[in-house]
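Chemist: sequence first, then the predicted structure:
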Number of protein chains: 2
Amino acid sequence: MPSEQLHAPLESGLGHLLKHIQRRLVRASAEALAPFGIDGQELAALAVLAAGHPFSQVEVAGRLGVDRTTMAVLVDGLEDHGLVERRRSAQDRRKNIVQLTAEGRACLHRAERARHEMERRFLAPLGEEGASSLLRSLRALVTDPPVTA
Amino acid sequence: MPSEQLHAPLESGLGHLLKHIQRRLVRASAEALAPFGIDGQELAALAVLAAGHPFSQVEVAGRLGVDRTTMAVLVDGLEDHGLVERRRSAQDRRKNIVQLTAEGRACLHRAERARHEMERRFLAPLGEEGASSLLRSLRALVTDPPVTA
DNA sequence: TATTGTTATACTCTATAACTATA
DNA sequence: TATAGTTATAGAGTATAACAATA
C-alpha cells in the first residue's frame, strides 16, 4: 500500500514537480497504450522509424536518447510482436537496418491517436492555451539545454 | 559510452520531453548538491521537516509522495550524516518523530540556496517570465491531477 | 583501431511482503 | 484489527563490460 494518498505532495521544488508529474504520466501512458501491447518507449521508437529513411539501431537509439544496449532489447520486443523487421545493411554489414512492418505501421497510427488523446486529458487542467504553452517550454528546454549540461 | 550524443532527442511526445528534462535535472541537481553530501530527495525531506511541527516518518513520506519503506532508508541516511534525529513519540510509541539537528538546519539552508541557483540556471533558456509560467503550470498539474489518476 | 550489435551483469530507485511493536 | 517502522527481497529501467563481426 503506497503511502501516496496525497495526490499533491507538498514539496514544490522543480525536481519534485517533474518527478511526480512524470510518474503520473507514465501510468496514464501505460493505461492508454495497453490495448496496443506496447509502452511509451516502444511507441517512440515506432514513430522514429516511421519518420523517414531506413535507420540503424544506433541511429534510432540516438534519436530516442537511449543506449545501444537498451535499443537492442527494445528492438527484440518490437520484432517479437511483429512490428518491425531487422535486416543487415548491404553497405555496412555491421549495421542492422530496422524497418516497420505493415502491422507496425498500423499499430503506430492507432497508438499515436491514443497517446494524443491521453496527453490532451492529462494537460486538460491547464486549458488549451496553458497546455500548448507548457509544451513549448518543455521543447525549448530539450532543444536548448542549459550550459551546465 | 551512452549514445546520447544528441542533447535534443528528436522524438517530441510529452512523456519523452519530461523524461529527458528530468534526466538532465537529476544530473544538475546531483552536481549542485554534491558539496552538501545529500541528494534532491534528502533535501526535500529536510525542507518538509523544517516546515513546522514534529512529523512522524509516514507523515513525511506522504508529503514527499514516497513509500514508508523508502522513507525508513531515507531517514537512515540523514541520521547517519547527523542531519536529523529520531525519537519515539510519547503519545504513540509506534511513531518515530523525526527532527532536524542544528547541523541539518544549516545544511538545509545552504543546500536550498544551491538548489535555487541550479534551478534558475536550468530554466534560464525560458527567460524569467517563461520560467515562472512553467513552474505555475507544473504546480497546477500536481495540485489538480487529471481525473484519470 | 573503431563501430555495431549482442549478451550478461550491475546499478539505481522504488515498491511489495513479512515481521515486530504498538494501538 | 489496524498502523508505524524495519528489513529483505523483487521489479523496472537503464547503464557498463566483454565479446564477435565488420569496417
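Modeler: Okay, I see it.

Chemist: how about the residues of chain A by DNA strand D?
Modeler: Residues of chain A that fall close to DNA strand D, judged by C-beta under 7 Å from any atom of the strand: A:V26, A:D39, A:Q41, A:V66, A:D67, A:T69, A:T70, A:V73, A:D92, A:R93, A:R94. For every residue, glycine as well, the C-beta is placed using N, CA and C.

Chemist: of those residues - the most surrounded one?
Modeler: The member of the residues of chain A next to DNA strand D that has the most neighbours, counting by other C-beta atoms under 10 Å in any protein chain shown, is A:V66 with 21 neighbours.

Chemist: SS state for it?
Modeler: Judged by DSSP: H, G, I helix; E, B strand; the rest coil, the three-state class of A:V66 is coil.

Chemist: was I right about it contacting A:L74?
Modeler: Yes: with contacts defined as C-beta atoms under 8 Å, A:V66 counts as touching A:L74 at a distance of 7.4 Å.

Chemist: tell me where chain A has helices.
Modeler: Listed in chain order, the helices found in chain A under DSSP state H are A:14-33, A:40-51, A:57-64, A:68-80, A:102-123, A:127-143.

Chemist: the first one: which residues count as buried?
Modeler: It stands for helix A:14-33. Within helix A:14-33, the residues that qualify as buried by neighbour count (16 or more other C-beta atoms under 10 Å in any protein chain shown) are A:14-22, A:24-25, A:28-29, A:32-33.

Chemist: so which of the residues you listed reach chain B?
Modeler: Near chain B, judged by C-beta under 8 Å from any C-beta of the partner chain, the entries from the buried residues of helix A:14-33 are A:14-22, A:24-25, A:28-29.

Chemist: nearest to DNA strand C, of these?
Modeler: For DNA strand C, the nearest member of these is A:K19. The distance, counting by C-beta to the nearest atom of the strand, is 6.2 Å.

Chemist: which residues are in contact with the closest one?
Modeler: Residues touching A:K19, when contacts are defined by C-beta atoms under 8 Å, 6 or more residues apart in numbering or on different chains, comprise B:Q22.

Chemist: likewise for A:T101?
Modeler: If a contact means C-beta under 8 Å, 6+ apart, then A:T101 has A:G82, A:L83, A:V84, A:E85 as its contacts.

Chemist: can I get the buried part of those residues as one ChimeraX selection?
Modeler: The following ChimeraX selection, which keeps only the buried ones among the contacts of A:T101, applies the criterion 16+ other C-beta under 10 Å:
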select /A:83,84
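
Chemist: mind putting the contacts of A:T101 into CSV with pLDDT?
Modeler: Formatted as CSV, the entries for those read as follows, by pLDDT from 0 to 100:
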residue, pLDDT
A:G82, 97
A:L83, 98
A:V84, 98
A:E85, 97
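
Chemist: same list (the contacts of A:T101) but as JSON lines, adding distance to chain B.
Modeler: Putting the contacts of A:T101 into JSON lines (distance: C-beta to the nearest C-beta, whole Å) gives the following:
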{"residue": "A:G82", "distance to chain B": "22"}
{"residue": "A:L83", "distance to chain B": "16"}
{"residue": "A:V84", "distance to chain B": "16"}
{"residue": "A:E85", "distance to chain B": "21"}
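
Chemist: if you drop the residues flanking it in sequence, what lies closest to A:L46?
Modeler: Taking C-beta to C-beta, 6 or more residues apart in numbering or on different chains as the measure, A:L46 lies nearest to A:L108, with 4.3 Å between them; neighbours along the chain are not counted.

Chemist: list the contacts for that neighbour?
Modeler: For A:L108, the contacting residues are A:L43, A:L46, A:A47, A:A50, A:L83, A:L100, by C-beta under 8 Å, 6+ apart.

Chemist: now with 7 Å, please.
Modeler: A:L46, A:A47, A:A50, A:L100 (C-beta atoms under 7 Å, 6 or more residues apart in numbering or on different chains).
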